[in-house]
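*Asks:* Let me see the structure of the following:
(2 chains)
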Protein chains: 2
Amino acid sequence: MYGAVIHAPGDIRYEEREDPKILAPTDAIIRVTAACVCGSDLWPYRGAEPVHQDTPMGHEYVGIVEQVGDDVKTVKVGDFVVGSFWASDNTCEICQAGYQSRCVHAEYIGMGGTQAQLARIPLADGTLVATPGMPDPDLVPSLLAASDVLGTGWFGAVAAEAGPGKTVAVVGDGAVGLLAILAAKELGAERIIAMSRHESRQKLAREFGATDIVEERGDEGVAKIKELTGGLGAHSVVEAVGTQEAMMQAIRSTRPGGHVGFVGVSHGVDIPGLELFFATVHLHGGPAPVRQFLPDLIDRIWKREIDPGKVFDMTLPLSEAAEGYKAMDERRAIKVLLTTED
Amino acid sequence: MYGAVIHAPGDIRYEEREDPKILAPTDAIIRVTAACVCGSDLWPYRGAEPVHQDTPMGHEYVGIVEQVGDDVKTVKVGDFVVGSFWASDNTCEICQAGYQSRCVHAEYIGMGGTQAQLARIPLADGTLVATPGMPDPDLVPSLLAASDVLGTGWFGAVAAEAGPGKTVAVVGDGAVGLLAILAAKELGAERIIAMSRHESRQKLAREFGATDIVEERGDEGVAKIKELTGGLGAHSVVEAVGTQEAMMQAIRSTRPGGHVGFVGVSHGVDIPGLELFFATVHLHGGPAPVRQFLPDLIDRIWKREIDPGKVFDMTLPLSEAAEGYKAMDERRAIKVLLTTED
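*Replies:* Modelled structure (predicted):
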């Protein structure tokens, strides 16, 4: 089979790889229908994370089950499936508490690379969710979004306790931030402030439910959020970037007693304890337990209540993965969908 | 009147001070029945915080209302009152959400110093709670504890979401940590692990409800908590120290999805963002909104359901405040009660 492999920062190649095999009786092999490029894939692409060796890329996926191990019971060959970017048994105490991304048997799907024609999914029963049938082609982008970027934005909004009567601010206008806006809207937030200075992203933010746009960043952004919230700060703030500036902007934009949900993978972030103490906010985040939300998200997509697939503003064949990375790196695209269909 | 004043690290003097006066119509003046020395008072005493000028000390208090401003309606002259160490209007949006310590009109009671015969309490209606009558003398220590150290330990347990079915670990065996144990017990926690290596404190921890004692600290302490919790970590951990080691011990002792309640005033703490991200815990803390809990805590004390006053293992006349500081600094006392009665 063929798949995308990073050789060095900036060097993504579509090349032949060995077909994945069933290694454990709980594995499944899926034929990938679509994968995509994640904001986190840009860290090694940009050299912000080291590339020690040639590494298969990708951890988001939808596809059709091609083969299952002997112990797999809930998905079968031919099913169209969506899965989380963390494999989980979905039965341990941590999973049962809703933290499948930290399952005691968690495996990172990115290890195998889903930007490929085939992918091995460990712990298939606990990781994959089958759709009610074969999806209409126009639903595929939204189902793919559920695999990570929607699930992550959703977790950010849940962690920030977005809900009725709440003012929610979202730091970051990448795909995760934009889908945190959609999530906040679905969760019933009263007011949703998108922090964005890019016109195309502002437009999508409004489509997803943003009621206000704040273009300022840092201290000025915080001042603007305070101004919009009677001097108090937002009830709920989602941090969807992962930098020091974004994290502090999120904490400082939150009112005392409010909630920060952080889902940007932290790069060089250090939170000063004394400031956090006097901020008196709730802080919760981490790798999103997407599997917790998948059945509900698939249901909302299947009923066409939400259209998270709109974050994909570029579609390329998987063979052109390198161009997809380039477009996202240069911010020409919010998020790139890679299709294995010809 | 007389009160305790710090002149320099290690130099506490009982000296004549000007009588406090009503400055705003929402003020009350109370005659202090008892005050005490807080762990946080030891920071300047030990030189860990600078002493720029002679400063009146103390922020914990119970007493009898001696005078009220024209706008004070809920307490009257002669009432026995307990108050929070932060004055709050108890009516603003932040107070109504339960975060009175971050009231939009919050004033730190310690500014005036309650280790004195008289104290001015701003925003008396929103800060003070009258007891149902004059307390029996043996209730005074417990009521005094409610003013800060019990309220703070209680907030730590609430912030850590201690409750039925939960395993709670408490980092720190000072008065706040010990009362977080009492709070966890009252809140219905199933198992309470005290992290303490002092025999007298272990004994009190057990009296307050600790089911297990862990003497190890740092990585070894974390390993022990994991060992006691099937490898997962505690559901709820209270951090009641305020140092880097204690904060990291708390975060690392908590299972994914669990809750850290931190109430130790942070001194030099920096939380690494990437570790917090992958810990996937909830982190909440700050100056305790004691006023939120006071009516309930007074009720429990009045009914003799709890006896938090046990944390006072030394009682001195206010005139010997300096000895009280010395005893706590040298860890000869857990907490010192200072009485104004002769």
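*Asks:* interface residues of the stretch 51-200 of chain A facing chain B?
*Replies:* By Cβ under 8 Å from any Cβ of the partner chain, the residues of the stretch 51-200 of chain A that approach chain B are A:Glu93, A:Ile94, A:Ala97, A:Gly98, A:Tyr99, A:Ser101, A:Arg102, A:Val104. To be clear about C-beta, it is placed using only N, CA and C from the backbone, and glycine gets the same treatment.
*Asks:* Contacts only, for A:Ala4.
*Replies:* Applying Cβ atoms under 8 Å, 6 or more residues apart in numbering or on different chains to A:Ala4 gives the contacts A:12-14, A:56-58, A:113, A:115-116, A:318, A:321-322, A:338.
*Asks:* Skipping adjacent residues, who's closest to the most centrally placed residue in chain A in space?
*Replies:* When Cα atoms, centre = their mean is applied to chain A, the residue found nearest the centroid is A:Val149 (2.2 Å). Of all residues beyond its chain neighbours, the one nearest A:Val149 is A:Ala175 (4.6 Å), with distances taken as Cβ to Cβ, 6 or more residues apart in numbering or on different chains.
*Asks:* Quickly find the element holding the closest residue to A:Ala159 other than its chain neighbours.
*Replies:* Closest residue to A:Ala159 in three dimensions, ignoring its sequence neighbours and counting by Cβ to Cβ, 6+ apart: A:Gly261, at 3.0 Å. Following DSSP states H and E, one finds A:Gly261 within strand A:254-262.
*Asks:* cool, A:Val238 as well?
*Replies:* A:Val238 belongs to strand A:234-239, assigned by DSSP H and E.
*Asks:* now swap in A:Met314 and tell me
*Replies:* Judged by DSSP H and E, A:Met314 forms part of strand A:312-317.
*Asks:* Give me the buried positions along that strand.
*Replies:* A:Phe312, A:Asp313, A:Met314, A:Leu316 (16 or more other Cβ atoms under 10 Å in any protein chain shown).
*Asks:* and those residues as TSV, adding distance to A:Pro132 and pLDDT?
*Replies:* Shown next, in TSV, are the buried residues of strand A:312-317 (distance: Cβ to Cβ, whole Å; pLDDT from 0 to 100):
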residue	distance to A:Pro132	pLDDT
A:Phe312	22	97
A:Asp313	28	95
A:Met314	29	96
A:Leu316	28	97
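*Asks:* The strand holding A:Gly261 - contacts with which helices or strands?
*Replies:* Secondary-structure packing of strand A:254-262 (3 or more Cβ pairs under 8 Å, 6 or more residues apart in numbering or on different chains; DSSP states H and E): helix A:149-159, strand A:234-239, helix A:244-252, strand A:282-285, helix B:93-96.
*Asks:* want to throw those into CSV with distance to A:Leu204?
*Replies:* Shown next, in CSV, are the helices and strands packed on strand A:254-262 (distance: least, Cβ to Cβ, whole Å):
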stretch, distance to A:Leu204
helix A:149-159, 12
strand A:234-239, 16
helix A:244-252, 19
strand A:282-285, 23
helix B:93-96, 32
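*Asks:* May I see these organised as TSV, with mean pLDDT added?
*Replies:* Formatted as TSV, the helices and strands packed on strand A:254-262 follow (pLDDT from 0 to 100):
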stretch	mean pLDDT
helix A:149-159	98
strand A:234-239	98
helix A:244-252	98
strand A:282-285	98
helix B:93-96	98
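*Asks:* out of the ones you listed, which comes closest to B:Leu204?
*Replies:* Set against B:Leu204 and scored by Cβ to Cβ, the helices and strands packed on strand A:254-262 come closest in strand A:282-285, at 30.2 Å.
*Asks:* After that closest one, which helix or strand is next?
*Replies:* Heading C-terminal from strand A:282-285 (DSSP H and E), you reach helix A:290-302.
*Asks:* Tell me which strands the strand holding A:Met314 pairs with, and in which orientation.
*Replies:* When pairing is defined by DSSP bridges, strand A:312-317 lines up against strand A:335-339 (parallel).
*Asks:* can you list contacts of the partner strand?
*Replies:* Applying Cβ under 8 Å, 6+ apart, the contact partners of strand A:335-339 are A:4, A:33-37, A:58, A:115, A:141, A:144, A:149, A:174-175, A:311-318, A:320-321, A:324-325, A:327-328.
*Asks:* Would you mind checking those for buried ones?
*Replies:* A:4, A:33-37, A:58, A:115, A:141, A:144, A:149, A:174-175, A:311-314, A:316, A:318, A:320-321, A:324-325, A:327-328.
*Asks:* Tell me which of these fall in helices.
*Replies:* The members of those that map onto helices under DSSP state H are A:Pro141, A:Leu144, A:Val149, A:Ala175, A:Ala321, A:Gly324, A:Tyr325, A:Ala327, A:Met328.
*Asks:* What residues does the second one make contact with?
*Replies:* If I follow you right, that is A:Leu144. A:Ala34, A:Ala35, A:Cys36, A:Glu60, A:Tyr61, A:Val62, A:Val82, A:Gly309, A:Phe312, A:Leu337.
*Asks:* again with the last one
*Replies:* With contacts defined as Cβ under 8 Å, 6+ apart, the neighbours of A:Met328 are A:Val37, A:Gly39, A:Leu42, A:Ile334, A:Lys335, A:Val336.
*Asks:* Could you report the pLDDT at it?
*Replies:* With respect to pLDDT, A:Met328 has a value of 94.
*Asks:* coming back round to it: would you list the residues of the stretch 51-200 of chain A next to chain B in TSV and tack on distance to A:Ala28 and neighbour count?
*Replies:* Shown next, in TSV, are those (distance: Cβ to Cβ, whole Å; neighbours: other Cβ atoms under 10 Å in any protein chain shown):
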residue	distance to A:Ala28	neighbour count
A:Glu93	24	17
A:Ile94	22	25
A:Ala97	25	17
A:Gly98	23	16
A:Tyr99	22	26
A:Ser101	19	28
A:Arg102	22	24
A:Val104	20	16
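*Asks:* Excluding sequence neighbours, find me the nearest residue to the residue of the stretch 101-250 of chain A found nearest chain B.
*Replies:* Nearest to chain B, among the residues of the stretch 101-250 of chain A, is A:Arg102, at 3.3 Å (Cβ to the nearest Cβ). Nearest-residue entry for A:Arg102: B:Pro256, 3.3 Å, with adjacent residues in sequence omitted and distances by Cβ to Cβ, 6+ apart.
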